[in-house]
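>>> generate a structure from the sequence data that follows.
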Amino acid sequence: MKIISVRVTDEEKEMLEKAKKMYNCGISTLFKKITFEKLENDFDLKIIEKYEKSKKEDTLELMPIDEVWERLEI
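Next up is the predicted model:
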């Protein structure tokens, strides 16, 4: 496993200490949890934006669920 160091001010460290108690985990776990949740949320927002743009431009392609299962070979 790799180690990544992050420099923080005393004030930031104090905030992290409070947050780790709130989330009931260590600072490393807190950083990972928040970082990956943020990345996942950003990815989801991109998908939604793409969907809304396609819908607005009337280029949205939909297909019946049976066809989806067939394409996925499920």
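>>> next, the buried residues of stretch 21-36.
Going by neighbour count (16 or more other C-beta atoms under 10 Å), the buried part of stretch 21-36 is Leu30, Phe31. The C-beta positions use only the backbone N, C-alpha and C, and glycine is treated the same way.
>>> and it, how far from the chain's centre?
14 Å (C-alpha atoms, centre = their mean, to the nearest Å).
>>> correct me if wrong: Tyr23 contacts Lys32.
No. With contacts counted by C-beta atoms under 8 Å, Tyr23 stays clear of Lys32, the gap being 11.1 Å.
>>> Glu17 in helix, strand or coil?
helix (DSSP: H, G, I helix; E, B strand; the rest coil).
>>> got the contact list for the closest residue to it other than its chain neighbours?
Nearest non-adjacent residue to Glu17, counting by C-beta to C-beta, 6 or more residues apart in numbering: Ile27, 7.8 Å away. For Ile27, the contact set (C-beta atoms under 8 Å, 6 or more residues apart in numbering) comprises Leu16, Glu17, Lys20.
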